[in-house]
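[1] Got a predicted model here, sequence first, then my questions.
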Amino acid sequence: MYLIPFFLRRLTHAAAILFCVVVTVVVAIRMVPGDPVEIMTAGTPGITEHQRQELRSQLGLDGSLMTQVVTSVQRFAVGNMGESIRFRRSAAEVVVERVLATVELTFAAMFLALMISLPLGILAALFRGHLMDRVASVVSILGVSIPSFVLGVVLMIFFSLHLNWFPVAGRGGQGLIFGLIDLASGRGVRPLFSALRHLALPAFALAFSVVAWNTRLIRSSMIEVLKADYVRFARAKGLPEFTVVVRHAFRTALIPTITIVGLQMGYLLSGAFIVENVFAWPGIGRLAVQAISWRDYPLIQAIVAVTAVMFLLINIAVEMLYQIVDPRIRHAR
Amino acid sequence: MQDDPCPLPGVPAEAPAAKAVNVATLAPAASKLRRVAIQLRRKNGMIGLIIVLVAVIAALFGDFLMPHDPVAQIVQNRFLPPVFDGGTWHHVLGSDNLGRDILSRTIAGARVSVGVSLIVVACALVVGTFLGLVAGYFGGFLDSLIMRITDFELSLPFILIALIFLAVLGPGALTAILALAATLWINYARLVRAEVMKLRTLEYVTAARSIGVGPFTIIRRHLIPAILPPVIVMATLDLSWAMIFEASLSFLGLGVQPPQTSWGVMISEGRGFLTQNMWIVLAPSLGIIFTAMGINLLGDFLQDALDSESGSNSEGAEL
């Protein structure tokens, strides 16, 4: 129950940030040199002056800056982000349709990153100076040096074009969640398997740099924790080494990792925008690049707003998790 | 050394008490290991320095190093293989889909990639350090204003800031520079502010102030030299970040625009021809990876070197 006031506080904070985002975006569109509507509609043949005027009022460009900000905030608050010029329908709808793909990729990458970096970091800490430690240090220097899109292209060359193990691009149907639903409703493992195969390379390309950071972090916090008195005590009372490492040391060493996971979600989200374009993953990242080349301002606004909401919600979720996991916070009510 | 973390149960190898005493006399083996580690570290730093120097030389003197004109399109020369794959020494790394020499383009790309990241980090460093100094030294309203801006930016992923810049200015090298610098400056502002707040209460600063030294002299003579080492380390590590994200934005077609070339642009252009000649993609990829690795190695080395110089904790040098 101690979580509720915390949750509300974070929610207020998130709302304030969202407000700032909307204001920034509105002011930013206002600062576009020249007439944004002219620029936007330059690539759309057959648009009438009446439609242009409509667009102008939709973007709030016909009033003063103050009224524009106020009306935009009001509109955004009810989820109305205008109509995409390219798709000729609600921009929010277009974006929300693609959110799931991006979220799926981001979470899959985080999951993969933790699955690799946790054992690697722990083993590197336990066997300092040995093979695993070397592997970990090579991974941690490579991870911060290889851009995700380069890794993506290299993985694609090797695993898709040469070995033919994984599909070159796309999401392969409806994605992971629908694959699971299909499995549960007895329609076979094929959709799930296809989703996983499509997900593997993009998720790994995205995850690699996070693997590097987390391995470093887990290794050093594990080394720190293994020196602690309570770990020595656990050993002294004759607990098996496995129990000492997993039950005692690891749980404490995990706390700094969880703290940084929140920050890394933002990094992964940014990375997802890039990796999506390598693997033709139908998420908001690809949409964003297209929206910018189309100069589809309502769509860009919607993408920025939805991404911000997504990111803030993910962060709140991570912080809640942190509150639950860390016994110092859990018991300090 | 299988049981390195704890050779005997209950008697940790590195008991905290041992740190107070001279470690070398107590454990000669450990100190020897440590010395080797330091040398290795130096070696890493040296490798990093060499790679960075090569990249900088390629960027500065690229015009003299390029065997061909990087933008000359010779249609007969399309998709020439590299020399170790049946090609000729005339085009060492082969040529791309428009018959342009890949080696020359990779060298030309170095200039843009290295140049852009240097500009980005320089802008971020100057603006961030200035605002951090103002916030940390003077405090008050300016401090809270600057800190709220950094809080706001920190609570958003980088890509959103880039999107806002791209929406206003359209794709281009300048947009990429501004978007990256606008993301990075907060690191310096926060670091410098924290350092300054710590330093301004120290005796030598309060003493200077009490004998009537002006704030600008104090900042210039007493604060900036003290905050410089961590700022330099951060700048070095940020260089690789800036390079990677400039390449990423250019790859997406949102940064450097063709016909100007950068490593990101080359990868983006070559991506469609992976089956014909994957060297179009691999040469610039290796360029980014090696340069970023060199910068990171150098940065790690500087971090340890400057850290031990300032006498702060040696535990940080463990990795």
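    Perfect, I can see it now.
[2] and the stretch 201-333 of chain A, which residues reach chain B?
    A:216, A:219-220, A:223, A:226-227, A:232, A:235-236, A:266-267, A:269-270, A:273-274, A:277-278, A:285, A:288-289, A:292-293, A:295, A:297, A:300, A:303-304, A:307-308, A:311-312, A:315 (C-beta under 8 Å from any C-beta of the partner chain). C-beta coordinates here come from the backbone N, C-alpha and C atoms, glycine included.
[3] Show only the entries of these found in helices.
    Among those, the members falling in helices (DSSP state H) are A:216, A:219-220, A:223, A:226, A:232, A:235-236, A:266-267, A:269-270, A:273-274, A:277-278, A:285, A:288-289, A:292-293, A:297, A:300, A:303-304, A:307-308, A:311-312, A:315.
[4] So, low pLDDT: which residues of the stretch 51-200 of chain A?
    A:60, A:63, A:173 (pLDDT under 70).
[5] at 90 what do you get?
    Within the stretch 51-200 of chain A, the segments meeting pLDDT under 90 span A:51-105, A:107, A:114, A:117-200.
[6] so which residue of it comes closest to chain B?
    Nearest residue of the stretch 51-200 of chain A to chain B: residue A:145, at 3.9 Å (C-beta to the nearest C-beta).
[7] Work out for me the element residue A:250 sits within.
    Assigned by DSSP states H and E, residue A:250 belongs to helix A:250-278.
[8] List the buried residues for that helix?
    For helix A:250-278, burial by neighbour count (16 or more other C-beta atoms under 10 Å in any protein chain shown) applies to A:250, A:252-258, A:261-262, A:264-278.
[9] relative orientation of that helix and helix A:284-294 in degrees?
    40 degrees (axes from the mean of the first three to the mean of the last three C-alpha atoms, to 10 degrees).
[10] now helix A:250-278, how far from the chain's geometric center?
    Distance of helix A:250-278 from its chain centroid, counting by C-alpha atoms, centre = their mean, to the nearest Å, is 7 Å.
[11] picking that back up, can I get the buried part of the residues of the stretch 201-333 of chain A next to chain B as one PyMOL selection?
    Buried members of these, defined by 16+ other C-beta under 10 Å, are picked up in PyMOL with:
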select buried, chain A and resi 216+219+220+223+226+227+232+235+266+267+269+270+273+274+277+278+285+288+289+292+295+297+300+303+304+307+308+311+312+315
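[12] How about the residues of the stretch 51-200 of chain A by chain B?
    So the stretch 51-200 of chain A meets chain B at A:125-130, A:137, A:141-142, A:144-150, A:153-154, A:156-157, A:161 (C-beta under 8 Å from any C-beta).
[13] Which among those count as buried?
    A:125-128, A:137, A:141-142, A:144-150, A:153-154, A:156-157.
[14] Tell me which entries of those lie within helices.
    A:125-126, A:137, A:141-142, A:148-150, A:153-154.
[15] Among those residues, list the two that are farthest apart in space.
    A:126 and A:153 (35.2 Å; C-beta to C-beta).
[16] average pLDDT for the helix holding residue A:250?
    Across helix A:250-278, pLDDT averages out at 82.
[17] so what does it touch, helix or strand wise?
    Packing contacts for helix A:250-278, counted by 3 or more C-beta pairs under 8 Å, 6 or more residues apart in numbering or on different chains; DSSP states H and E, involve helix A:91-126, helix A:148-155, helix A:190-226, helix A:284-294, helix A:297-325, helix B:158-169, helix B:224-251.
[18] Just the angle for that helix relative to helix A:297-325, thanks.
    Using the same axes, to 10 degrees, helix A:250-278 lies at 170 degrees relative to helix A:297-325.
[19] Helix A:250-278 vs helix A:190-226, what angle?
    Using the same axes, to 10 degrees: helix A:250-278 against helix A:190-226 is 140 degrees.
[20] between helix A:250-278 and helix B:158-169, how big is the angle?
    Going by the same axes, to 10 degrees, helix A:250-278 makes 30 degrees with helix B:158-169.
[21] Quickly find the element holding residue A:168.
    Here residue A:168 is assigned to no helix or strand, by DSSP H and E.
[22] To what extent is the closest residue to it other than its chain neighbours buried, counted in neighbours?
    Nearest non-adjacent residue to residue A:168, counting by C-beta to C-beta, 6 or more residues apart in numbering or on different chains: residue A:160, 4.5 Å away. By other C-beta atoms under 10 Å in any protein chain shown, 17 other residues sit near residue A:160.
[23] now residue A:243: how far from chain B?
    Remark: distance between residue A:243 and chain B (C-beta to the nearest C-beta, to the nearest Å) = 13 Å.
[24] Using the three-state scheme, assign that residue.
    helix (DSSP: H, G, I helix; E, B strand; the rest coil).
[25] What are the neighbouring residues in contact with the closest residue to it other than its chain neighbours?
    Closest residue to residue A:243 apart from its sequence neighbours, by C-beta to C-beta, 6+ apart: residue A:234 at 7.6 Å. Shown in contact with residue A:234 (C-beta atoms under 8 Å, 6 or more residues apart in numbering or on different chains): A:243-244, A:248.
[26] I'd say residue A:151 and residue A:207 touch.
    No. In this structure residue A:151 lies outside contact range of residue A:207 using C-beta atoms under 8 Å: 9.6 Å.
[27] more neighbours, the two?
    residue A:207 (30 against 23).
[28] was I right about that one contacting residue A:107?
    No. At 10.6 Å, residue A:207 does not count as touching residue A:107 under the criterion of C-beta under 8 Å.
[29] Stretch B:144-162: end-to-end distance?
    24 Å (C-alpha to C-alpha, to the nearest Å).
[30] Tell me the pLDDT of residue B:11.
    Confidence score, pLDDT, at residue B:11: 39.
[31] before we move on, what about the one 4 residues further on?
    The pLDDT attached to residue B:15 in the predicted structure is 41.
[32] List the residues that contact the residue lying closest to residue A:314 once chain neighbours are set aside.
    What sits nearest to residue A:314 in space, not counting adjacent residues and going by C-beta to C-beta, 6+ apart, is residue A:265, at 4.9 Å. Residues near residue A:265 by C-beta under 8 Å, 6+ apart: A:106, A:110, A:311, A:314-315, A:318.
[33] Quick check: the gap between the residue most central in space within chain B and residue B:166.
    Nearest to the mean C-alpha position of chain B, by C-alpha atoms, centre = their mean, lies residue B:239 at 2.4 Å. Distance of residue B:239 to residue B:166, given as C-beta to C-beta, to the nearest Å: 22 Å.
[34] cool, residue A:304 as well?
    Distance from residue A:304 to residue B:166, by C-beta to C-beta: 10 Å.
[35] same deal with residue B:190?
    Residue B:190 is 25 Å from residue B:166, by C-beta to C-beta.
[36] How about residue B:106?
    Applying C-beta to C-beta to residue B:106 and residue B:166 gives a distance of 26 Å.
[37] Repeat that for residue B:105.
    25 Å.
[38] where do the helices sit along the stretch 201-319 of chain B?
    Counting by DSSP state H, counting those that start in this stretch, the stretch 201-319 of chain B has helices at residues B:203-210, B:215-217, B:224-251, B:263-270, B:279-309.
[39] which one of these has the most crowded surroundings?
    Neighbour counts (mean count of other C-beta atoms under 10 Å in any protein chain shown) averaged over each of the helices of the stretch 201-319 of chain B peak at helix B:263-270, with a mean of 27.
[40] Contact residues of the stretch 101-250 of chain B facing chain A?
    Counting by C-beta under 8 Å from any C-beta, the stretch 101-250 of chain B sits next to chain A at B:152, B:155-160, B:162-164, B:166-168, B:170-171, B:240, B:244-245, B:247-248.
[41] pLDDT weak spots in the stretch 201-319 of chain B?
    B:201-210, B:212-234, B:236-237, B:240-241, B:247, B:250-287, B:293, B:296-319.
[42] repeat that for 80
    For the stretch 201-319 of chain B, applying pLDDT under 80 flags the ranges B:259, B:272, B:274-279, B:304-319.
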